[in-house]
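Chemist: Predicted structure and sequence below. I'll ask about it afterward.
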Amino acid sequence: MRENSKKNMPDIMEAIFDAGYLIFDLIAGILFFVFSKGNPLFILYGVLTLTLCGGDAFHLVPRIIRAVHGSSEKIRKQLGIGLQVSSITMTVFYIILLYVWKLTFPELNAPAAVEAMIWISAIIRIVVCFLPQNNWCTDDGNMKLSILRNVVFAVTGIGVIILYAISGNANGYHMTRMVAAIIISFGCYLPVTLFSKTKPKVGLLMIPKTCAYMWIIAMGLQLLF
């Protein structure tokens, strides 16, 4: 049964933005593979991009359908499962970004403590995301687990930030921009996950968060071309 079938402009604009984002990721992923010429760095960038695209599609495609056709119980369930999947794939995204750093700066060694920090926090978050107590498919969710999984996710992000801060502008790649992009993504993402249910307008922060991820992919494309 469809609910709230009446379309409104903000929902349609969001659907267009989400579709554009997914198309950008898909095209970028294909470009990385086509023009990599066997370079492991750009192959990994391709994996990174398609991981981001595939994971987010689980959540964004139902949102696009909801914007066009209205909500339903099936859509709400798909949104919940999609949120769980994208939470896991975003964590994998940062693990892959660790190895992107290693291939970009082979002359540098990641501090063992930082690498352990990234891996341990990422594994904890993925395990927490699989717990049924998260109540992904309900409106209430689980605030305690939401805080836990996002605190450890922030630790993962901080670990990756440290790596890109260490490499700085080595080799003229100007990868300090990666630090800015990750900070923006987390600065926008965390308030949404914690407060969007009580303050829906906070959800608008997902737009700059998404743009920050597109920026990360664009940095890889800049290296490729």
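Modeler: Looks like it arrived, so ask away. Residues are numbered from 1 along each chain as shown.

Chemist: Spatially central residue in this structure, please.
Modeler: Centroid-nearest residue in the chain, with C-alpha atoms, centre = their mean: Met90, separated by 4.2 Å.

Chemist: can you give me the offset of the helix or strand hosting that residue from its chain's centre?
Modeler: Per DSSP states H and E, Met90 falls inside helix 73-104. Relative to its parent chain, helix 73-104 has a centroid offset of 6 Å by C-alpha atoms, centre = their mean, to the nearest Å.

Chemist: what comes into contact with the next helix or strand after it?
Modeler: Using DSSP H and E, the helix or strand that follows helix 73-104 in sequence is helix 112-130. Contact with helix 112-130 is made by 84, 87-88, 91-92, 94-95, 98, 134, 145, 148-149, 152-153, 155-156, 158-160, 162-163, as judged by C-beta atoms under 8 Å, 6 or more residues apart in numbering. The way it works is simple: take the backbone N, C-alpha and C, and place the C-beta from them, glycine included.

Chemist: can you check stretch 13-32 too?
Modeler: 42-43, 45-46, 49-50, 52-53, 56-57, 60-61, 63-64, 67-68, 207, 210, 214, 217-218, 220-221, 224.

Chemist: Now which of those residues would you call buried?
Modeler: Neighbour counting with 16 or more other C-beta atoms under 10 Å marks 42, 45-46, 49-50, 52-53, 56-57, 60-61, 63-64, 67, 210, 214, 217, 220-221, 224 as buried within the contacts of stretch 13-32.

Chemist: which parts of the lowest-mean-pLDDT helix or strand in the chain are buried?
Modeler: Using mean pLDDT, DSSP states H and E, helix 176-195 stands out as the lowest-scoring helix or strand of the chain, at a mean of 90. By neighbour count with 16+ other C-beta under 10 Å, helix 176-195 contains the buried residues 177-179, 181-182, 184-186, 188-193.

Chemist: now swap in stretch 100-120 and tell me
Modeler: 100-102, 104-105, 110, 114, 117-118.

Chemist: Now render the residues you listed as a markdown table, adding distance to Val127.
Modeler: Below are the buried residues of stretch 100-120 laid out as a markdown table (distance: C-beta to C-beta, whole Å):
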| residue | distance to Val127 |
| --- | --- |
| Val100 | 24 |
| Trp101 | 24 |
| Lys102 | 24 |
| Thr104 | 29 |
| Phe105 | 30 |
| Ala110 | 23 |
| Val114 | 21 |
| Met117 | 16 |
| Ile118 | 15 |
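
Chemist: Give me the angle between the helix holding Met90 and helix 112-130.
Modeler: 170 degrees (axes from the mean of the first three to the mean of the last three C-alpha atoms, to 10 degrees).
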